[in-house]
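**Q** Dropping the sequence and predicted coords here.
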Amino acid sequence: MGALRTLLKKRRAQSPEQDADVRRSLVETLYASPASLTIGAATGTAVGLVISSMSNGLAIHAVVAALCVVAALRVFSAIFFHRQLLRGTAVASRNWELAYELGAWAYSGLLGLMGLVTLTGSTNSIIHMLSVSMATGYAGGISGRNAGRVQIAIGQVCLALLPTALGLWLEGSIGYRVLAVAMVAMILGLAEISATTHRIVVQALIGRRDKSLLAEKFERLARYDNLTGLENRMAMQMRLREIFETSEKRADAVAILWMDVDRFKEINDSLGHMVGDRLLRAVAERLNDVVQGRGRIARFGGDEFVIICPDTDRVTAATIAQEIIAYFSHGFDLGDHHLQMTASIGYAVAPQDGRDMDELMQHADLALYEAKGAGRNRASSFNWSLKERFNRIHEIETGLRRALEGDELKLLFQPIIALDGGDIEACEALIRWNHPVLGAIPPSEFIPIAESMGLIEALTGWVLREACIAAAGWPGEVRVAINISPASLKSHELPGNVIAALLETGLPARRLELEVTESIFLDDSGQTSTILRELQRIGLRLALDDFGTGYSSLSYLRSYRFDTLKIDQSFMAGISANPEDRAVVRAIGNLARDLSMDTIAEGIETHDQLAHAREAGFTNVQGYLFSRPVPNERIIELIEAGPLHGEERPDPVIHRRRLA
C-alpha cells in the first residue's frame, strides 16, 4: 500500500495543471461510451445472479441485489447524460463527476465484496472462479476506460481487487494465497497503466485545446483589425455576401456607407503615425457611438471605414451619414493635440443601386468619390449618372495608352499673328483625340485623366516630338508654342524630352516656346523654378498663359523672366461692352511693354476686338478671326501665303481648353 501511495503522489506531482475546459473534457470521457458501461453492468449483474442462484447464503443474495440496483442506476444516468451531451444541453460539471465517482466506487466495492463473501462463505470452487474472474476482469477493463479521471480508476481497482485478495488469503490454501499476492501486485500495475493513460489523455486534450485557441486567434487576426478592433475587409465582405445570399426581400435590403477621413495623410505625415493610429481608434469609437445597433462597422483599410446597415432605406442611410458628419464636427482630443477632422461619405442602397455585393460596393465607392470631389465633409448618394461618368472615364483610361501607340492622336495648329504687319510669328500646337467609340474627346476631359494615370509625361513627349517635326518644315523662323501641364513640371523628364525632341528634329531652341499657367506656382517646392530656368538656359522661350485669371500675381512677373504674356480670352469676349475689361486689357498691355515682353490677345473673333487689342498695345493676336486650328499642311500654306488681316466671323465660338 505504501508503494501505491508513492505512485499516487508521483502522479499528482507530474500532472499538468488542468483548466476548466480540460477538466470538463475529462468528465465527458467518463460518459463518452454508455455502451461499454452497460456491457460491464450487464456482465456483473449476470455473474452475480448466477452466483446467487448457486448459493444459499443470505449475504451473497444481499450483495448481488445491491449490485443489480447500482448497475441499473449507473446505466440510466450514463444514457441520460450522453443524450443530453449530444443535444448540447448537458454540462460536465463537478456534480456529474461526483455522481459517476460514487456510482463507480459503489459498483466496484460491491464486486469486491461479492468476491470476499463468496470466497469466505462458500466452498464451491465454481462460485470462487466466477467471482474472482469478474473482479479481476472488471479491474483490468476499468483501468483503461476511466483513466480520464485517474483517482476514479485507481479507486475502482482497489475496491474491486483488495476485498477479493483478502478473501483469497482468508480461504487459506497455498494456491489461493499465491493468487492473493499476485492480485495485490496487479493493483500496482493497473494503477501505473491508469496513470500513464491519464497522462496521454490529458496531453491530448491540452493539445486539442491549444490548437483550438490558436485557431480562434488566427481566425480573429484574419477577421478583425488589430488597431481598431473592428471587423476587417475580409469579414465585411463575408458578412455582406451572406446578407445578399439570405435576403429574399424586394424592397430596400441593405445600405452600404463608405466613409473616408478627410486629409488623414496630412495628419499622419505632420504629427506622426502614433497620433494617426490614435485618431483611427477614436474614429472607430465615434462610429460605434453613432451607429450603435443599426449596422456593422468595418475598417476597410487605411482611413476608410465601411458600415453595413441591413433593412435600411435611403432616407435612413442619409440620416446615419449626416449624424456621423455632425459628430465629427466636435473635433478629436488626442493628448496634446486637438484635431478638427471631417469625413466624406458615399452610400448606396440595394436593390435599387445594385443587386449583388460587388456592384453595391463599387457604387458606394463612386458616391464617396463624388463627395470628396464636391469639397469633402459631406455625404453623397449614388445615382446612375455617376456610373455613366465612371464608365466613360474608364473607357478613356483604357484608350489613352492605345491612343499613344496608335494613330488616334493628332496635332492641329492655330496661327499667332503679329499686329505689326500681319505675319504669322508662331503657331500654337493643340492636341486632338478622336476615340473610336466615344468620338472626339476634348483635351479638357482627357488631360486630367492622363495626369492621374501618370501618362502626362509620355503624352507631353509625344506632343513635343510631333510639334517639333512639324515646325522644322515650316518656312522662315515661325515658332511653335506648346502648352505644358503643371504635372509635367513636377517631373524631371520634361527637360530631357525637350532636348530629345530638338536634337531629333534639328529645330533651333529659339523656335520652341512653352506655355505655362500660373497654377504651376501654387504648389512649387522649388523644382518648378529649377526646371523653368534650365529650359531658359538652353534658349527656349517661356509664355505665361491665361494671365489675368485664377491666382494671378505680379510677383510671378518679377521672379521669372517670361518672354510672352497671353491674356485670357474671357477679357476679349466682353471688351466691347465692358469698360472694366478694357481697363484691364490696357493695363496688361502697358505692363508688358514696360517689362519688354511680347503680348498675345487670345479669342479674337471680331474686328472690334482686334481694334481694342491694337489700341491696348498688344504685339500679337490669336483667334478665329484669322484661323481656326488647322492641320500642319494648311499651316504651311498660310505661312507661304503671307500676311493675314482677318476675316469677320458671324458666329463666335467658345474655345476649348488647350494642352500639351
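**A** All right, it came through fine.

**Q** Tell me where the model's unsure across the stretch 201-350 of the chain.
**A** Applying pLDDT under 70 to the stretch 201-350 of the chain picks out residues 201-202, 204-205, 207, 209-210, 212-222, 247-252.

**Q** switch the cut-off to 80
**A** The stretch 201-350 of the chain contains residues with pLDDT under 80 at 201-223, 244-253.

**Q** can you give me the helices in it?
**A** For the stretch 201-350 of the chain, the helices defined by DSSP state H, counting those that start in this stretch cover 233-246, 264-271, 273-291, 314-328.

**Q** I'd like those helices laid out as JSON lines, including distance to residue 480.
**A** Every C-beta, even on glycine, is put in place using the N, C-alpha and C of the backbone. JSON lines is the format used below for those (distance: least, Cβ to Cβ, whole Å):
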{"stretch": "helix 233-246", "distance to residue 480": "51"}
{"stretch": "helix 264-271", "distance to residue 480": "40"}
{"stretch": "helix 273-291", "distance to residue 480": "48"}
{"stretch": "helix 314-328", "distance to residue 480": "51"}
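
**Q** can you redo those as JSON lines with distance to residue 381 and mean neighbour count?
**A** Formatted as JSON lines, the helices of the stretch 201-350 of the chain follow (distance: least, Cβ to Cβ, whole Å; neighbours: other Cβ atoms under 10 Å):
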{"stretch": "helix 233-246", "distance to residue 381": "18", "mean neighbour count": "15"}
{"stretch": "helix 264-271", "distance to residue 381": "23", "mean neighbour count": "14"}
{"stretch": "helix 273-291", "distance to residue 381": "18", "mean neighbour count": "17"}
{"stretch": "helix 314-328", "distance to residue 381": "6", "mean neighbour count": "17"}
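
**Q** Which among those helices is found nearest to residue 366?
**A** Proximity to residue 366, assessed across these by Cβ to Cβ, is greatest for helix 314-328 (15.0 Å).

**Q** rewinding a little: residue 570 is nearest to which of the helices of the stretch 201-350 of the chain?
**A** Of the helices of the stretch 201-350 of the chain, nearest to residue 570 by Cβ to Cβ is helix 264-271, at 33.7 Å.

**Q** circling back: just so I know, which of the helices of the stretch 201-350 of the chain lies nearest residue 302?
**A** Here helix 264-271 is closest among the helices of the stretch 201-350 of the chain (Cβ to Cβ), at 7.5 Å.

**Q** ok so, going back, out of the helices of the stretch 201-350 of the chain, flag the one nearest residue 575.
**A** Closest among those, using Cβ to Cβ: helix 264-271, at 42.6 Å.

**Q** what's the closest one in contact with?
**A** 275-276, 279, 302-303, 337, 339, 341 (Cβ atoms under 8 Å, 6 or more residues apart in numbering).

**Q** I'd like to check the angle between it and helix 273-291, please.
**A** Interaxial angle, helix 264-271 versus helix 273-291 (axes from the mean of the first three to the mean of the last three Cα atoms, to 10 degrees): 140 degrees.

**Q** Skipping adjacent residues, who's closest to residue 631 in space?
**A** Nearest in space to residue 631, with sequence neighbours left out and distances taken as Cβ to Cβ, 6 or more residues apart in numbering, is residue 412 at 6.2 Å.

**Q** got it, and residue 52?
**A** Nearest one to residue 52, counting by Cβ to Cβ, 6+ apart, is residue 64 at 4.2 Å.

**Q** for residue 510, same thing?
**A** Closest to residue 510 by Cβ to Cβ, 6+ apart is residue 539, at 5.2 Å.

**Q** Count the neighbours of the one you found for me.
**A** Using other Cβ atoms under 10 Å, the number of residues around residue 539 comes to 12.

**Q** a helix runs through it, doesn't it?
**A** No. The assignment for residue 539 by DSSP: H, G, I helix; E, B strand; the rest coil gives coil, which leaves it out of any helix.

**Q** So for the residue nearest to residue 52, what's the pLDDT?
**A** pLDDT recorded at residue 64 is 80.

**Q** can you check residue 21 too?
**A** 57.

**Q** can you map out the helices along the stretch 501-650 of the chain?
**A** Taking DSSP H, counting those that start in this stretch as the test, the helices found in the stretch 501-650 of the chain are 527-537, 554-559, 569-573, 579-594, 607-615, 632-641.

**Q** Determine which two of the contacts of helix 264-271 are furthest apart.
**A** 302 and 337 (19.9 Å).

**Q** before we move on, the earlier item: settle this for me: the residue nearest to residue 631 is touching residue 629, isn't it.
**A** Yes. Using Cβ atoms under 8 Å, residue 412 is in contact with residue 629, at 3.7 Å.

**Q** Overlap of the contact sets of these two?
**A** Common neighbours of residue 412 and residue 629 (Cβ under 8 Å, 6+ apart) are 430, 432.

**Q** before we move on, the earlier item: got a markdown table for the helices of the stretch 501-650 of the chain, with mean neighbour count too?
**A** As requested, these are arranged in a markdown table below (neighbours: other Cβ atoms under 10 Å):
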| stretch | mean neighbour count |
| --- | --- |
| helix 527-537 | 16 |
| helix 554-559 | 12 |
| helix 569-573 | 21 |
| helix 579-594 | 16 |
| helix 607-615 | 19 |
| helix 632-641 | 15 |
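
**Q** circling back: distance to residue 112 for the contacts of helix 264-271 - can I get that in JSON lines?
**A** Below are the contacts of helix 264-271 laid out as JSON lines (distance: Cβ to Cβ, whole Å):
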{"residue": "275", "distance to residue 112": "75"}
{"residue": "276", "distance to residue 112": "74"}
{"residue": "279", "distance to residue 112": "73"}
{"residue": "302", "distance to residue 112": "73"}
{"residue": "303", "distance to residue 112": "74"}
{"residue": "337", "distance to residue 112": "78"}
{"residue": "339", "distance to residue 112": "79"}
{"residue": "341", "distance to residue 112": "79"}
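
**Q** Looking at those, which is nearest residue 79?
**A** Residue 79 lies nearest to residue 302 out of the contacts of helix 264-271, by Cβ to Cβ, at 58.1 Å.

**Q** now the residue nearest to the closest one when sequence neighbours are not counted: how far from residue 301?
**A** Spatial nearest neighbour of residue 302, chain neighbours left out: residue 264 (7.5 Å); criterion: Cβ to Cβ, 6+ apart. Look at residue 264 and residue 301: by Cβ to Cβ, to the nearest Å, they are 12 Å apart.

**Q** what's the answer for residue 411, then?
**A** Residue 411 is 42 Å from residue 301, by Cβ to Cβ.
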